[in-house]
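Visitor: give me coordinates for this.
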Amino acid sequence: MTVIVVSGTGTEIGKTIVTAAVAAVAVAQGRSVAVLKPAQTGLEHGERGDADEVVRLSGAAVSEELARFPEPLAPATAARRAGMAPVGPREVAEAAAKLASEHDLVLVEGAGGLLVRFDEEGGTLADAARLLGAPVLVVTPAGLGTLNTTQLTAEALAARGIEQLGVVIGSWPAEPDLASRCNVAELPEMAGAPLLGAVPEGAGALDAAEFRARAGTWLAPALGGSWGADAL
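Guide: Alright, predicted model coming up:
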């Protein structure tokens, strides 16, 4: 795979840290990795963005943002309120394809969920993935409610003919509750795709060296790691 699109079932569920873990494992294998953040919202220019954080933690070769909007809103809404041009799916696909011609792996990290609007025409991350012909890695929470949003995301991908690479739990709690423990077995069924890892809560606070050393233990062999669900 040259391009992997990383989406989530919602916002603030660990997409950036999962993206960093995937990047770190690939870098450890000697691959050149680029990170693309189509639309960064909620930050001013000069502040560290999600793509910068992935590079810091993983050692990826390069990061690129296509647009940055100051308010923490959906990209289309944030662009409109800022009076700025939005980023459409075709621009995302073109930027990812260019990076893929220069690097072994490109990770495209979305904003929020799969169908969050990028522009006023209703373009989404799913549209960009379809244009690229790239698989989507879905990041989901561990606890109550995740089965519903995971299945909805899987159905949206299937309806568009987009491959779902698998599911990764974005923040596995240090003390998982009953729902979280049960969801480990049920998530693959709801997703119709394998569970490919679980990143422990607080992983983003690790220093870069420790993060890189441990990343492979959080991800399944399909993503280059050694993780198995029995670890939970």
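
Visitor: look at residue 212 and give its secondary structure.
Guide: Using DSSP: H, G, I helix; E, B strand; the rest coil, the structure places residue 212 in helix.

Visitor: helix, strand, or coil at residue 68?
Guide: Three-state call for residue 68 (three-state DSSP): strand.

Visitor: for beta bridges, what are the partners of it?
Guide: Counting by DSSP bridges, residue 68 forms beta bridges with residue 40.

Visitor: that one against residue 46, yeah?
Guide: No: Residue 68 lies out of contact with residue 46 (C-beta atoms under 8 Å); the separation is 9.8 Å. Using the backbone N, CA and C atoms, a C-beta is placed for each residue, glycine as well.

Visitor: who has more neighbours out of those two?
Guide: Per other C-beta atoms under 10 Å, whichever of residue 68 and residue 46 has more neighbours is residue 68, with 19 against 7.

Visitor: now the element after the helix or strand that contains residue 80, going C-ward?
Guide: If you go by DSSP states H and E, residue 80 is part of helix 75-82. Sequence-wise, the next helix or strand downstream of helix 75-82 (DSSP H and E) is helix 89-100.

Visitor: counting by contacts, list what that next one packs against.
Guide: strand 3-8, strand 33-41, strand 62-69, strand 105-113, helix 125-132 (3 or more C-beta pairs under 8 Å, 6 or more residues apart in numbering; DSSP states H and E).

Visitor: can I get those in a markdown table including distance to residue 170?
Guide: Supplementary listing: the helices and strands packed on helix 89-100 in a markdown table, determined by distance: least, C-beta to C-beta, whole Å:
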| stretch | distance to residue 170 |
| --- | --- |
| strand 3-8 | 7 |
| strand 33-41 | 16 |
| strand 62-69 | 19 |
| strand 105-113 | 12 |
| helix 125-132 | 16 |
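
Visitor: turn these into CSV, columns for mean pLDDT and distance to residue 183.
Guide: As requested, these are arranged in CSV below (pLDDT from 0 to 100; distance: least, C-beta to C-beta, whole Å):
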stretch, mean pLDDT, distance to residue 183
strand 3-8, 98, 15
strand 33-41, 97, 28
strand 62-69, 96, 32
strand 105-113, 96, 18
helix 125-132, 97, 24
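
Visitor: of these, which approaches residue 139 most closely?
Guide: Residue 139 lies closest, by C-beta to C-beta, to one member of these: strand 3-8, at 4.4 Å.

Visitor: and for the helix or strand following the closest one, what's in contact with it?
Guide: Counting by DSSP H and E, the next helix or strand C-terminal to strand 3-8 is helix 15-28. Contacts with helix 15-28, where a contact means C-beta atoms under 8 Å, 6 or more residues apart in numbering, come from 4, 6-8, 33, 35, 50, 53-55, 57-61, 104-105, 107, 109-110, 137, 139, 168, 170-171, 197, 199, 203-204, 211-212, 215-216, 218-219, 223-225.

Visitor: kindly report the same for stretch 100-108.
Guide: With contacts defined as C-beta under 8 Å, 6+ apart, stretch 100-108 is touched by 1-6, 19, 22-23, 26, 31-36, 38, 54, 60-62, 92, 96, 99, 125, 128-129, 132, 134.

Visitor: buried set for that stretch?
Guide: Residues of stretch 100-108 classed as buried by neighbour count (16 or more other C-beta atoms under 10 Å): 100, 103-108.

Visitor: any chance of those in JSON lines, plus distance to residue 177?
Guide: Shown next, in JSON lines, are the buried residues of stretch 100-108 (distance: C-beta to C-beta, whole Å):
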{"residue": "100", "distance to residue 177": "40"}
{"residue": "103", "distance to residue 177": "40"}
{"residue": "104", "distance to residue 177": "39"}
{"residue": "105", "distance to residue 177": "35"}
{"residue": "106", "distance to residue 177": "36"}
{"residue": "107", "distance to residue 177": "30"}
{"residue": "108", "distance to residue 177": "32"}
